[in-house]
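Enquirer: I'll drop the sequence and a predicted model, then ask my questions.
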Amino acid sequence: MATRVVGSGLQESITQIRKAFSGGVNSVQPHELIKSYLKQDGDKLVINKIKYCLQENVYVVGFGKAVIGMIRPIEAALKTSDGVSHLKKGIVSVPFGIQKTLAKSPHLLPTENSSIEILEGAKDNIPDDASFSATRRIISLIQTLKEQDLLLVLISGGGSALLPFPAPPITLSEKIEIIKSLSCAGATISELNTVRKALSATKGGHLAKLTKAQIVSLILSDIIGSRLDMIASGPTTPNRDPPGAAKNVLEKYNILAPEHVKSVLQRREISSTSLEFSHVTNLVIGNNEKALSGVEASISYQTGGHCLSLVLSSSLIGEASEVGRKLAELVSAATSRIINQDEQLCDSLLTDLRITEEKKKLLIDILEKGSKLRCPICLIFGGETTVAVKGLGRGGRNQEMVLSLSMELEEKMQDSHFAGEVIFLSGGTDGIDGPTDAAGALTYWCSSESGIKSQLQEAREQGLNSQEFLDSNDSYTYFMQLSSGQYHLKPGHTGTNVMDLQILYINPKCC
């Protein structure tokens, strides 16, 4: 069946939104962030204005989707003018296939003569024997270090899967099954990490307990609010969960655990008095808020400042399809205000979308300006939603959110008098959405004197039933089949990971 070709104006806007997503991702590239935190000053390494003695006594370990990009600038900062390195050894655990994916971006990879060993594992973001073996190697290394040694620990999202070491006698397969069951039941990332910490011999501060060395953790946050004990399940920071938190999560989602797992939880609860580490410094070098600012800057640059943009929230949570529906409600209300229909912005809707009172006032102001100037408006969100898997399809939270919004948007806008275009994109900054090779997807709705066009209409013309795909959690297949996949977002591994970005673009003009 022939693929619909959208108009050139709409296509130009879609291209801008794709570039804005890339701008957000590029603003949190770890190889650039590291440079602003590390520098050598004589026989000292300066990290965030704190000086550490250099005597060829530096070691590096790391785990996560984004840590590989930190290596090159760290090694450069540890070399003297005559080429001698203060770095003795390093081991990092990174996602399976990431070196191949980043081969066309050599600046994101270590140099060929790097002193840091790269170990790949956790295919599809699932702990496996490879990542378990890498964890053993990391533990063996740091246990040998002395108080005068400096250990740089590189941490990013995905670190939980890349640093698996279940507390005995729990096996890796048992822990994987528990986490998988929680994820399929719709548990949040914070809930997953609460359980991971309780079942781990490395997470929840336990990695820091294994070494005497001075530790500086350089962290790229993929957690709302950047809570240190939640990022990669907090291997170098005290666990702040209250007693019984992990047990409560399992009970909430009706997860049945074997008796020996329950025993570990009970033992950890008794012994989990708050750990404090005088030998550890934890630094968050990048997060979702920084990426959202990058999106905003990119939109401004591309449009020459003619687009009104506003970051509304960095803490979107909840069921992805439900968030998609609520964002469609926001579009309906916003477009009505733009065409001077006195549509109220429902307080409960804004609360559900994690929009504060202060942001609500800014949103009303920007819609009024957009109405007067008839200029584009870009509303930007971030966070990390979940999917309670009920079907047998393939997809991820971002693709499911876009599909849900696309369906709701057509219904909400069918009687609208708004003339213009609406584009929505949702994507994971790591380039991966669920167990797929997509980061997310985008959709559109457009109305002009020539009639209404929408992605949903395009899908129907190609024989695709969007509701069936949504019901079976098969958003990936939907976007793969729709118009030869042209609305998929597939950047591959991006080299970073700071949760998700959502871009809602409203342009009051004929398309």
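Expert: Received the coordinates, thanks. Numbers count the residues shown, from 1 in each chain.
Enquirer: low-scoring pLDDT stretches of this protein, where are they?
Expert: 1-6, 269-275, 449-450, 510-511 (pLDDT under 70).
Enquirer: can you list the domains in it?
Expert: 8-25+289-507, 29-286 (automatic domain parsing).
Enquirer: is it fair to say T494 lies in a helix?
Expert: No: read with DSSP: H, G, I helix; E, B strand; the rest coil, T494 is coil and lies in no helix.
Enquirer: Just give the number of residues close to the closest residue to it other than its chain neighbours.
Expert: Nearest residue to T494, sequence neighbours excluded (C-beta to C-beta, 6 or more residues apart in numbering): G431, at 4.1 Å. For every residue, glycine as well, the C-beta is placed using N, CA and C. The tally of other residues near G431 (other C-beta atoms under 10 Å) stands at 23.
Enquirer: P169 is in contact with H260, isn't it?
Expert: Yes: if you go by C-beta atoms under 8 Å, P169 and H260 touch, sitting 5.5 Å apart.
Enquirer: Please identify the buried residues of whichever strand or helix holds E411?
Expert: Here E411, judged by DSSP states H and E, is contained in helix 397-413. For helix 397-413, burial by neighbour count (16 or more other C-beta atoms under 10 Å) applies to 397-410, 412-413.
Enquirer: swap in stretch 183-192?
Expert: Here stretch 183-192 shows S183, G186, A187, T188, I189, S190, E191, L192 as buried, counting by 16+ other C-beta under 10 Å.
Enquirer: Kindly check the end-to-end length of it for me.
Expert: 7 Å (C-alpha to C-alpha, to the nearest Å).
Enquirer: How about stretch 455-475?
Expert: 14 Å.
Enquirer: what comes into contact with that stretch?
Expert: 1, 3-4, 321, 387, 389-396, 399-400, 402-404, 406-407, 409-410, 441, 443-445, 477-478, 481-483, 487 (C-beta atoms under 8 Å, 6 or more residues apart in numbering).
Enquirer: Any quick ChimeraX command for the buried ones out of those residues?
Expert: Selecting the buried subset of the contacts of stretch 455-475 in ChimeraX, with 16+ other C-beta under 10 Å as the burial test, is done by:
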select :321,387,389,393,394,395,396,399,400,402,403,404,406,407,409,410,441,443,444,445,477,478,482,483,487
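Enquirer: And the strands in the stretch 51-200 of the chain, which stretches?
Expert: Per DSSP state E, counting those that start in this stretch, the stretch 51-200 of the chain carries strands over the ranges 58-63, 87-95, 116-121, 150-156.
Enquirer: before we move on, what about the stretch 251-400 of the chain?
Expert: Going by DSSP E, counting those that start in this stretch, the stretch 251-400 of the chain shows strands at 280-286, 308-316, 377-383.
Enquirer: want to try a markdown table for those strands, with mean neighbour count as columns?
Expert: Converted to a markdown table, those look like this (neighbours: other C-beta atoms under 10 Å):
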| stretch | mean neighbour count |
| --- | --- |
| strand 280-286 | 20 |
| strand 308-316 | 20 |
| strand 377-383 | 25 |
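Enquirer: so can I have a markdown table of those strands showing distance to G451?
Expert: Formatted as a markdown table, the strands of the stretch 251-400 of the chain follow (distance: least, C-beta to C-beta, whole Å):
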| stretch | distance to G451 |
| --- | --- |
| strand 280-286 | 44 |
| strand 308-316 | 27 |
| strand 377-383 | 23 |
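Enquirer: nearest to A20, of those strands?
Expert: With C-beta to C-beta as the criterion, A20 lies closest to strand 377-383 of the strands of the stretch 251-400 of the chain, at 7.4 Å.
Enquirer: Adjacent strands (with direction) for that closest one?
Expert: With DSSP bridges as the test, strand 377-383 is paired with strand 308-316 (parallel), strand 500-507 (antiparallel).
Enquirer: Let me know the angle separating the first one from helix 397-413.
Expert: Pointing back at strand 308-316 there. On the basis of axes from the mean of the first three to the mean of the last three C-alpha atoms, to 10 degrees, strand 308-316 is oriented at 120 degrees to helix 397-413.
Enquirer: what's the farthest-apart pair in the buried residues of helix 397-413?
Expert: R397 and M413 (23.7 Å).
Enquirer: Now do the helices in the stretch 401-511 of the chain.
Expert: 455-461, 466-471, 475-481 (DSSP state H, counting those that start in this stretch).
Enquirer: so how far is the first one from its chain's centroid?
Expert: Once both centres are worked out by C-alpha atoms, centre = their mean, to the nearest Å, helix 455-461 turns out to sit 29 Å from its chain's centre.
Enquirer: Give me the buried positions along that helix.
Expert: Applying 16+ other C-beta under 10 Å to helix 455-461 flags Q455, L456, E458, A459 as buried.
Enquirer: out of these, which one sits closest to Q148?
Expert: The shortest gap between Q148 and any of these belongs to Q455, at 60.4 Å (C-beta to C-beta).
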